[in-house]
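J.: next come a sequence and a model predicted from it.
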Amino acid sequence: MGESRVSLWRSRGMLLLLVAGNTVIYMMIYLRGTYYIPLMEELQINNTQLGMMGVAYGVAAALCYFPGGWLADRLSARKLLALSYILTGLGGFYYATFPSYLMCVLLHAYWGVTTSLIFWAASVKATRQLAAVTEQGRAYGFLEAGHGIAAGILLSVGLAFFARLGSDSDALSLVITAYALLCLLIGVITWLFFKQESHNDCCSSDVRGKIIKVVKMPKVWLITLIIFCTHWAVCTTQYLVPFSTQVFGASVIFGAALSIMKDYVRPIVAAVAGIAGDRIGSSKVISFGFLLLLAGFVSLLVVAGRINLLLLLIINSGIVYLAMYMIRALYYSLLEEGDIPLAISGTAVGLIATFGYIPEFFVPMVGGRLLDLFPGTAGYRYLFILTAVLIIVGYFVTVYWMKITREKRMSMLALRKKSVCPAAGQELLDTQGAGGYNESK
């Protein structure tokens, strides 16, 4: 099937709109990452209960990712994205009233539907369509970078108002309401202005055939495992805030600032990773990211419980954030390295997300339970050790991926070189022989 994709530069307006949407839609869902202690106090719940709210979101999301992938291959991104923003924002207004624990659990399950059934696969597929084959690293890298800049600004402004208004119930409610309003606004703008290239294959009715084809692709399962290991580490970083306040005795504001630090690391790292991914290969950058991530978590084990090492906690947290976003910026660009056809990429993303994001509900459940069973430093140590083991698994899976996709990766690099230096690129393409990459899939 022939396929032509526009350049990333021509699609920059749509990419910026995706950045805005990708940022605001998760602000309320992951509020516990910045306001962990205040949320527990206002909702009058414990660590396990706060973790169970994350479990509710994760379970609902896991059940919705796969059918969401099918929807992304059937319906336009404009409709799906706009609807998801609006529905998520409406839930935020209710959250701002600090409802009962049961209603908070149900609300997070509802958000699992709005962000996973309607939003996620449509967003990933739309990003892939906005860039040429040789620009996939930059497309996802710049999306992650923009997300970091936008989230950093919104979180900083929210935290400033929270602190200025007295860090009380009314202040937190106002922050949540503001995020909900932004979600609605982005939804309306997306409905009115989002455009993308049309593809006839989106209307294919062979649902069963697409699903079977995706399930039988080993590379789809390898991407899933890479994302699973990465996302476990990502979810674990939410505990760095209570780790700093409960173990090191830091203030709530310090803990929140530590969390926001990641959103200032993200834009630089993600943009550089995206450029590097297009130049040397996304999987090669990801493998280095896993090694760096492992070093960061091992270092956290060293500083755990040593109050005099607060500065090292900040440095180690920075290393973890750096590596985390290096990997996150690129793991969906592996769809191109794995030669997954665009026509079924929505379904593929649905399957990948269904299993790859399982840590979304496992980590809050495991983390909350460990902290309640082993108060203080011990609970955090056990959580960090488990995370380090999964990071090692992710690294070796990536190394294997690099081995089985070597020919395709070399062909993609040759195409990029050809776009920069035609003579050198053509020479490299010639060395690939008949197995060279064909840009029209």
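T.: On my side now, so go ahead. Residues are numbered from 1 along each chain as shown.
J.: let me see the contact set for the residue nearest in space to the middle of the chain.
T.: The chain has Arg328 as the residue nearest its centroid, 6.0 Å off, counting by Cα atoms, centre = their mean. Contacts for Arg328 (Cβ atoms under 8 Å, 6 or more residues apart in numbering) come out as Glu144, Thr230, Val234, Ala270. All C-beta spots, glycine's among them, are computed from the backbone N, C-alpha and C.
J.: just the residues you listed: which are in helices?
T.: With helices taken from DSSP state H, the overlap with these comprises Glu144, Thr230, Val234, Ala270.
J.: surely the third one meets Met326?
T.: No: in this structure, Val234 sits apart from Met326 without contact. The criterion is Cβ atoms under 8 Å, and the distance is 11.9 Å.
J.: of these two, who's got more company?
T.: Shown here are Val234 and Met326; by other Cβ atoms under 10 Å, Met326 has more neighbours (28 against 23).
J.: with adjacent residues omitted, what lies nearest to that one?
T.: Gly289 (3.8 Å; Cβ to Cβ, 6 or more residues apart in numbering).
J.: what about the one you found, which helix or strand?
T.: Using DSSP states H and E, Gly289 sits in helix 282-303.
J.: CA atoms of that helix as PDB?
T.: Extracted in PDB, the C-alpha atoms of helix 282-303 (Å, rounded to 0.1, in the frame of the first residue of the first chain):
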ATOM      1  CA  SER A 282      16.200   5.000  18.400                       C
ATOM      2  CA  SER A 283      16.900   1.600  20.000                       C
ATOM      3  CA  LYS A 284      20.600   2.400  20.500                       C
ATOM      4  CA  VAL A 285      19.600   5.600  22.400                       C
ATOM      5  CA  ILE A 286      17.100   3.500  24.400                       C
ATOM      6  CA  SER A 287      19.700   0.900  25.400                       C
ATOM      7  CA  PHE A 288      21.900   3.700  26.800                       C
ATOM      8  CA  GLY A 289      18.900   5.100  28.600                       C
ATOM      9  CA  PHE A 290      18.300   1.800  30.400                       C
ATOM     10  CA  LEU A 291      21.900   1.800  31.700                       C
ATOM     11  CA  LEU A 292      21.600   5.300  32.900                       C
ATOM     12  CA  LEU A 293      18.300   4.600  34.600                       C
ATOM     13  CA  LEU A 294      19.700   1.600  36.400                       C
ATOM     14  CA  ALA A 295      22.600   3.700  37.700                       C
ATOM     15  CA  GLY A 296      20.100   6.200  39.000                       C
ATOM     16  CA  PHE A 297      18.000   3.700  40.900                       C
ATOM     17  CA  VAL A 298      21.000   1.900  42.400                       C
ATOM     18  CA  SER A 299      22.200   5.300  43.600                       C
ATOM     19  CA  LEU A 300      18.900   6.000  45.300                       C
ATOM     20  CA  LEU A 301      19.400   2.700  47.200                       C
ATOM     21  CA  VAL A 302      22.700   4.100  48.500                       C
ATOM     22  CA  VAL A 303      21.300   7.500  49.700                       C
END
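J.: next, Ser100: phi, psi?
T.: phi -70, psi 160 (degrees, to the nearest 10).
J.: neighbours around it, how many?
T.: Here the count is done by other Cβ under 10 Å, and Ser100 has 11 residues near it.
J.: quick check: the gap between it and Asn47.
T.: 18 Å (Cβ to Cβ, to the nearest Å).
J.: quick one: buried residues of the helix or strand where Gly368 lies?
T.: When elements are assigned from DSSP H and E, Gly368 belongs to helix 359-373. Buried residues in helix 359-373, counting neighbours by 16 or more other Cβ atoms under 10 Å, are found at 359-371.
J.: what's the farthest-apart pair in those residues?
T.: Of all pairs drawn from these, the greatest distance, 17.8 Å, lies between Glu360 and Leu371 (Cβ to Cβ).
J.: hang on, the earlier thing: which among the ones in helices among the contacts of Arg328 gets closest to Tyr95?
T.: Val234 (22.2 Å).
J.: format the ones in helices among the contacts of Arg328 as a markdown table; extra columns: distance to Ala348.
T.: Formatted as a markdown table, the ones in helices among the contacts of Arg328 follow (distance: Cβ to Cβ, whole Å):
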| residue | distance to Ala348 |
| --- | --- |
| Glu144 | 19 |
| Thr230 | 17 |
| Val234 | 21 |
| Ala270 | 22 |
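J.: return the member of those residues nearest to Gly209.
T.: Out of the ones in helices among the contacts of Arg328, the member with the shortest distance to Gly209 (by Cβ to Cβ) is Thr230, at 30.1 Å.
J.: count the neighbours of that closest one for me.
T.: Thr230, neighbours per other Cβ under 10 Å, totals 26.
J.: mind checking the SS state of the residue nearest to Thr245 when sequence neighbours are not counted?
T.: Nearest residue to Thr245, sequence neighbours excluded (Cβ to Cβ, 6+ apart): Gly255, at 4.4 Å. Following DSSP: H, G, I helix; E, B strand; the rest coil, Gly255 is assigned to helix.
J.: ok, now Lys195?
T.: coil.
J.: quick one: contacts for the nearest residue to it once chain neighbours are set aside?
T.: Leaving aside its chain neighbours, Lys195 sits nearest to Met14 (6.4 Å; criterion: Cβ to Cβ, 6+ apart). Contacts for Met14 (Cβ under 8 Å, 6+ apart) come out as Ala126, Leu130, Phe194, Lys195, Gln196.
J.: what do you get for Gly346?
T.: Gly69, Trp70, Leu71, Ala72, Asp73, Arg74, Ala121, Ala122, Val124, Lys125.
J.: give me that answer again for 10 Å
T.: 68-75, 77, 80, 120-122, 124-126, 128, 202, 210, 214 (Cβ atoms under 10 Å, 6 or more residues apart in numbering).
J.: now swap in Thr115 and tell me
T.: Contacts of Thr115 by Cβ under 10 Å, 6+ apart are 25-26, 29, 57, 60-61, 64-65, 68, 84-85, 87-88, 123.
J.: distance check, it against Tyr179.
T.: In terms of Cβ to Cβ, Thr115 sits 14 Å off from Tyr179.
J.: shared neighbours, the two?
T.: Ile25, Tyr26, Ile29, Thr88.
J.: one step back: for Leu225, state which of the contacts of Thr115 is nearest.
T.: Tyr65 (15.4 Å).
J.: done for today, thanks.
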